[in-house]
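Colleague: Here is my input; please provide its structure:
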Amino acid sequence: MRKTNRSQVVLAIIVALAGTVGFAQTRGEAVYNTTCKMCHGATGTADTPTARMLEVKPVADPYIKNLTDNQMFLSIRNGKGKMRPMPSLNDTQIKDSIFYFRSLAK
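Modeller: Numbers count the residues shown, from 1 in each chain. You can find the predicted model right below:
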């Protein structure tokens, strides 16, 4: 009986941890949510008041889709137009956020 209870507890812990992992954010998603979402929107649709005010283009816009990763990287690092620079992000964070942002268009 004792072995059965222990097995059930272990199984319950595994199921609970598996559920938690399913909701974890990717690194790019975490960076996007803290630094980009305010202007670009939760789904990249630029549907926030700030996006409308600044005329931010959505991720599905042909102009945005045609930007290279390097162009996006430099825009994030140095700023471009109305977008302010993000010097607090390291190269990996920028690359991860670009990957996540592009995934929103799919």
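
Colleague: List the residues that contact the residue positioned nearest the centre of the chain.
Modeller: The chain has Glu29 as the residue nearest its centroid, 2.2 Å off, counting by CA atoms, centre = their mean. By CB atoms under 8 Å, 6 or more residues apart in numbering, the residues touching Glu29 are Tyr100. Bear in mind the C-beta positions are built from the backbone N, C-alpha and C, glycine included.

Colleague: Could you check how far it is from Ile76?
Modeller: 15 Å (CB to CB, to the nearest Å).

Colleague: Ok, Tyr100 next?
Modeller: 12 Å.

Colleague: Which one's more surrounded, these two?
Modeller: Neighbour count, other CB atoms under 10 Å: between Tyr100 and Ile76, Ile76 has more, with 24 against 20.

Colleague: what helix or strand does the residue nearest to the centre of the chain sit in?
Modeller: Using DSSP states H and E, Glu29 sits in helix 27-35.

Colleague: Next secondary structure after that helix?
Modeller: According to DSSP H and E, the helix or strand after helix 27-35 is helix 37-40.

Colleague: Who are the packing partners of the helix or strand just after that next one?
Modeller: The first helix or strand that comes after helix 37-40 along the chain, using DSSP H and E, is helix 49-54. Where contact means 3 or more CB pairs under 8 Å, 6 or more residues apart in numbering; DSSP states H and E, helix 49-54 is packed against helix 37-40.

Colleague: Outside of the helix it packs on itself, list whatever touches it.
Modeller: 32, 46, 48, 50-51, 54, 56, 58-59, 83, 101.

Colleague: Figure out how far that helix is from the centre of its chain.
Modeller: Put simply, helix 37-40 sits 11 Å off its chain's centre (CA atoms, centre = their mean, to the nearest Å).

Colleague: Can you point out the buried residues in that helix?
Modeller: Neighbour-count burial for helix 37-40 flags 37, 39-40 (criterion: 16 or more other CB atoms under 10 Å).

Colleague: Include distance to Asn90 and pLDDT when you put these into CSV, please.
Modeller: Converted to CSV, the buried residues of helix 37-40 look like this (distance: CB to CB, whole Å; pLDDT from 0 to 100):
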residue, distance to Asn90, pLDDT
Lys37, 19, 96
Cys39, 20, 94
His40, 20, 95
